[in-house]
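K.L.:
structure for this input, please:
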Amino acid sequence: MNKIPFILLLLCLFTNCSKDSDGENNGTTYKYYYPTDEAVITSSQIGAGTGALDPKGIAVVNNKLYVCNGDVLEIFDATTLKYIKTITNYTKGATTIALTKLSSVCVDNGRIYVGSVDSRLFVFDETTNVGISTVGNGQWWQTFVHVFGVVAKDGLVFVKEKETSIKVFETSQITETSDWNLKPIAKLNTLNGFDQIYSLDIASGNLIVAGRDAKSYLYYNIADIKANAANSLIEPIKPTTAAFSDAKPIAISFSEEWAIATENIGSLNYLRLYPKEEFMNKNYTARINANDIMGANPFGSIVSTAQLNDHIFLSDNTNKRIRVIKLNSSTITEQK
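P.N.:
Here you go, the predicted model:
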């Protein structure tokens, strides 16, 4: 019995490999992807190693890893994982505001945007870490009803609030002299939601939200948002969806090639990598579909993801660590 096709079938079942036929030798080429543990960041690697790590939102930009850790923002070298610094306060001139209950972080065009459940969005200079501005004053009945997620790109900032609200601002509204109580240019509706950390990113002209409560990824076309901005302040724009029967999307981020997602099904937490173009077309055939690494070290609730080259960063809030996973690939050609 020829066991090669059987072994290849098993690889495809567990890794969702793809295949191509070779017209010259009539062979079939299988390419598959698999994750391996590379490293981990725990509280012992922060400063003197005596504090805690309660990771929420993360971002990797310009070789730096940013981690929302309770009431502070941690910064690491994304390649060596060496600790760089902890930001505890927003400081601008004579104004100092302590950071609290950080939920989310993103970096865009020289700025760090940090969301706080205490109803504030802090904006820092990426190079100096000096404060540029704050949006919201910490009172939930003012600008934001808490902040549970943020992403900025191409001149827009999207801020996820409590329940089903996302407020949209132009980055040009936020300056060193702008008022804290900015008015959004548009509003979006997430269909379901309450007070959970939300993950969102921008790809191919769309805002994508991991709609855990809607059991779907939520797609908002940015051109449509701009065209209908005024009306959306009265009736917030709803997304297009493709609901799952059981999976709850928890986190989403994009690289050039991949949609890097985490999803929850019952008591299991999955890392799933989808080809980016397929994902944007709502084709959810994961090339990696894993709730652990080769049968060990099961994932906890991963609330945020990021990628640098072949390394994937996972904010594992259950296990209080940042897991660094290596994305591996292999090609096998079956000769006939």
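K.L.:
state the pLDDT value of Ile4.
P.N.:
pLDDT, Ile4: 41.
K.L.:
could you number the chain from 32 rather than 1 from now on?
P.N.:
Sounds good: first residue 32 from here, last item Ile35.
K.L.:
lowest-scoring secondary structure element of the protein by mean pLDDT?
P.N.:
helix 35-46 (a mean of 46; mean pLDDT, DSSP states H and E).
K.L.:
shaky segments in the stretch 182-331 of the chain?
P.N.:
Across the stretch 182-331 of the chain, nothing is flagged by pLDDT under 70.
K.L.:
Ser203: neighbour count?
P.N.:
By other Cβ atoms under 10 Å, the residues close to Ser203 number 9. (Glycine included, C-beta is placed from N, CA and C.)
K.L.:
also Ala292?
P.N.:
27.
K.L.:
looks to me like it is in a strand.
P.N.:
Yes: under DSSP: H, G, I helix; E, B strand; the rest coil, Ala292 sits within a strand.
K.L.:
next up, the contacts around it.
P.N.:
Going by Cβ atoms under 8 Å, 6 or more residues apart in numbering, Ala292 touches 241, 248, 280, 282-283, 302-305, 310, 317, 336.
K.L.:
Pro86 and Tyr97 touch, don't they?
P.N.:
No: Pro86 sits out of contact with Tyr97 when judged by Cβ atoms under 8 Å, with a separation of 10.7 Å.
K.L.:
can you report how many residues lie near Asp323?
P.N.:
That count, for Asp323 with other Cβ under 10 Å as the rule, works out to 15.
K.L.:
then Val355?
P.N.:
Val355 - counted by other Cβ under 10 Å - has 18 other residues nearby.
K.L.:
quick check: the closest residue to it other than its chain neighbours vs Ser286, distance?
P.N.:
Spatial nearest neighbour of Val355, excluding adjacent residues (Cβ to Cβ, 6 or more residues apart in numbering): Ala70 at 4.2 Å. Per Cβ to Cβ, to the nearest Å, Ala70 is found 19 Å from Ser286.
K.L.:
those two - which one has more neighbours?
P.N.:
Each of Ala70 and Ser286 has its neighbours counted (other Cβ under 10 Å); Ser286 has more, 18 against 14.
K.L.:
so the more buried one touches Thr336, yeah?
P.N.:
No: applying Cβ under 8 Å, one finds Ser286 not in contact with Thr336, separated by 9.9 Å.
K.L.:
can you count the residues close to Asp244?
P.N.:
16.
K.L.:
checking it next. Helix, strand or coil?
P.N.:
Strictly by three-state DSSP, Asp244 counts as coil.
K.L.:
that one contacts Ile228, correct?
P.N.:
No: the pair Asp244 / Ile228 is not scored as a contact, 12.0 Å apart, by Cβ under 8 Å.
K.L.:
before we move on, the earlier item: in which helix or strand does the residue nearest to Val355 reside?
P.N.:
For Ala70, the element it lies in under DSSP states H and E is strand 59-72.
K.L.:
and the very next helix or strand once past that strand with strand 59-72, angle?
P.N.:
Downstream of strand 59-72, the next assigned helix or strand under DSSP H and E is strand 86-92. Taking axes from the mean of the first three to the mean of the last three Cα atoms, to 10 degrees, one finds that strand 86-92 is oriented at 120 degrees with respect to strand 59-72.
K.L.:
may I have strand 86-92 as PDB, with CA atoms only?
P.N.:
Extracted in PDB, the C-alpha atoms of strand 86-92 (Å, rounded to 0.1, in the frame of the first residue of the first chain):
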ATOM      1  CA  PRO A  86      -2.400  42.000  28.400                       C
ATOM      2  CA  LYS A  87      -5.200  43.500  26.400                       C
ATOM      3  CA  GLY A  88      -4.600  45.300  23.000                       C
ATOM      4  CA  ILE A  89      -1.300  45.000  21.300                       C
ATOM      5  CA  ALA A  90       0.400  46.500  18.200                       C
ATOM      6  CA  VAL A  91       3.700  46.000  16.400                       C
ATOM      7  CA  VAL A  92       5.000  48.900  14.400                       C
END
